[in-house]
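Asker: sequence isn't available, so here's the structure alone:
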DNA sequence: ATATGTCAACTAACATGTTAGCTGTGAACG
DNA sequence: CGTTCACAGCTAACATGTTAGTTGACATAT
């Protein structure tokens, strides 16, 4: 590793705008920055620097970093440094496997239990996706995409399964930011989402599973080339 | 809430025996105690008390509790108290859903990729289970049971999928301690495990999936009556 | 020139002092 | 007798002082 480790100097969200305990605000601000790739993988996070930037003491920062470490978003090197975790293709493949397992199971269930109201909500979301793609609003599209998957998980009837499932593909979520601007991919995504919805509408359990599996399978194909494109982000 | 909150006074593991940072040791000791139901659900954990018991200051204890909170093993009531999370059937059903999704996917994969060495390891484990059931060594059986499932997850070829998957069914693991001594259940469990292994040995993907689904389905059936048996442990 | 040992500087980890928010008790009041 | 409101006591949350481990630079020896 020849190059000097760069030190974070970007813009963090203003924690004044959030509420709740300080540690929670610091956690949220850092988490969002990491997930949105505002802080690059491998970048060093210094407690003292973060304290200054937020104007808080070390305790809430320490707690925030502990939580981020638990989620695998930062690597703590004991007594030495804390840095934003680099991607690992091995780890991302694992997350893809888990995500596939969970979301395919979810979509199979939803295909048999879905209500008209849920179908409407899903189709509305997909129409929104189309509009956002036309407008080339990639950030908005990303959010609508996430909402589509979250809806499917919620419609399993398990209230918080979306939250838990979201936690186990955090690296994936982060990597997706990198492939977002890829030419034509958003439009393809909408088509794949539509295929999933059509199968659910037809109560076609296996068709929905196939459509979702195909859709999720596209992700790892797009992510793998990133290792060569952004070697610094991988380990 | 009429009854007085009981205060923990049981035996915790000696953190001297562990190594690594203090916070890590405290975390491990508390986690093990909670998972083994040595500390009852709903019981209050006082920082000051824990500090005395381990002979450490509040910092490592705070960090340990933060991590446990992130895993959902303790509930922190802001500015008030921290208590061991009570069970929620809703939440346990969610964990069953997720566990089923992941382990069924794993077993399907393993059925097509398994090596002779892996088959041997699995069958050895099942024979061990039989012996432990005969000896009525329930604790030993519990560990062998966990090892069986962990092996299947590892044999997917995803090195740490077992660790991640284990994290999302922590409440389940804890509840299983309660149903462990149920008459005849361990013997049934061995039979179900054997069915899974037989299907894997036959490279019968769907059969393995069915066997695993049936096996995991037994769990929620056993857990549901616990709400009446141990009302204090549920919320 | 290279390998190695020493040391200074920096960092997280830990200890402890201080603040603020919740909770239950009891007094004042309707 | 019931309701509300103030206050005391307790807790987690936060701030800050202290310790100890790691790292990398530099000098020294081979």
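Answerer: It's in. The model shown is predicted, which means the values in this text are computed figures rather than measured ones.

Asker: just give the number of residues close to the nearest residue to residue A:13 once chain neighbours are set aside.
Answerer: Counting by CB to CB, 6 or more residues apart in numbering or on different chains, residue A:13 lies nearest to residue A:29, which is 4.4 Å off, once chain neighbours are set aside. Using the backbone N, CA and C atoms, a C-beta is placed for each residue, glycine as well. A count of neighbours around residue A:29, defined by other CB atoms under 10 Å in any protein chain shown, yields 20.

Asker: same question for residue A:56.
Answerer: 17.

Asker: in three-state terms, label it for me.
Answerer: coil (DSSP: H, G, I helix; E, B strand; the rest coil).

Asker: surely it meets residue A:24?
Answerer: No - assessed by CB atoms under 8 Å, residue A:56 is found out of contact with residue A:24, at 11.6 Å.

Asker: which element, helix or strand, includes the spatially most central residue of chain A?
Answerer: In chain A, the centroid-proximal residue (CA atoms, centre = their mean) is residue A:173; its distance is 2.3 Å. Using DSSP states H and E, the element containing residue A:173 is helix A:170-179.

Asker: show me what from chain A comes close to DNA strand C.
Answerer: A:45-48, A:58-59, A:62, A:76, A:78-82 (CB under 7 Å from any atom of the strand).

Asker: pLDDT at residue A:31, what is it?
Answerer: On pLDDT, residue A:31 comes in at 96.

Asker: who touches it in this structure?
Answerer: By CB atoms under 8 Å, 6 or more residues apart in numbering or on different chains, the contact set of residue A:31 is A:68, A:71, A:73.

Asker: for chain A, longest helix please?
Answerer: What stands out as the longest helix in chain A, according to DSSP state H, is helix A:89-113.

Asker: packing partners of the very next helix or strand once past it?
Answerer: Per DSSP H and E, the first helix or strand lying C-terminal to helix A:89-113 is helix A:116-134. If you count contacts as 3 or more CB pairs under 8 Å, 6 or more residues apart in numbering or on different chains; DSSP states H and E, helix A:116-134 packs onto helix A:138-154, helix A:185-201.

Asker: can you pull the buried residues of the first one?
Answerer: Looking back up the chat, that one is helix A:138-154. A:138, A:141-142, A:144-145, A:147-150, A:152-154 (16 or more other CB atoms under 10 Å in any protein chain shown).

Asker: for residue A:42, helix, strand, or coil?
Answerer: Taking three-state DSSP, the label given to residue A:42 is coil.

Asker: residue A:82 versus that one, what's the distance?
Answerer: Going from residue A:42 to residue A:82 by CB to CB, to the nearest Å gives 12 Å.

Asker: and for residue A:138?
Answerer: 30 Å.

Asker: in TSV: the helices and strands packed on helix A:116-134, plus distance to DNA strand D and mean pLDDT.
Answerer: Below are these laid out as TSV (distance: least, CB to the nearest atom of the strand, whole Å; pLDDT from 0 to 100):
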stretch	distance to DNA strand D	mean pLDDT
helix A:138-154	27	95
helix A:185-201	38	96
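
Asker: and residue B:182, which of these is closest to it?
Answerer: helix A:138-154 (32.3 Å; CB to CB).

Asker: mind giving me the packing neighbours of the closest one?
Answerer: helix A:89-113, helix A:116-134, helix A:161-167, helix A:170-179, helix A:185-201.

Asker: quick one: name the residues of chain A near chain B.
Answerer: A:21, A:62-63, A:66-67, A:70-71, A:78, A:90-91, A:93-94, A:97-98, A:100-102, A:104-106, A:156, A:158-161, A:164-165, A:167-168 (CB under 8 Å from any CB of the partner chain).

Asker: near DNA strand D, from these?
Answerer: A:21, A:63, A:78.

Asker: surely the first one meets residue A:60?
Answerer: Yes - with contacts counted by CB under 8 Å, residue A:21 reaches residue A:60, the gap being 7.2 Å.

Asker: now the one helix or strand residue A:219 maps to, how far from the centre of its chain.
Answerer: Element membership of residue A:219, judged by DSSP H and E, is helix A:205-223. In terms of CA atoms, centre = their mean, to the nearest Å, the centre of helix A:205-223 is found 17 Å from the chain centre.

Asker: any idea of the mean pLDDT in it?
Answerer: 96.

Asker: next, the angle from that helix to helix A:138-154.
Answerer: 140 degrees (axes from the mean of the first three to the mean of the last three CA atoms, to 10 degrees).

Asker: thinking again about what came up before, ok, the residue nearest to the centre of chain A touching residue A:34?
Answerer: No - Residue A:173 lies out of contact with residue A:34 (CB under 8 Å); the separation is 10.2 Å.

Asker: list the contacts of residue A:195.
Answerer: Here residue A:195 is in contact with A:211, A:214-215 (CB under 8 Å, 6+ apart).

Asker: before we move on, back to that, which one (most neighbours) among the contacts of residue A:31?
Answerer: The contacts of residue A:31, ranked by neighbours (other CB under 10 Å): first place residue A:68, 24 neighbours.

Asker: what pLDDT is listed against it?
Answerer: Residue A:68 is given a pLDDT of 97.

Asker: show me what contacts it?
Answerer: A:27, A:30-31, A:34, A:74.
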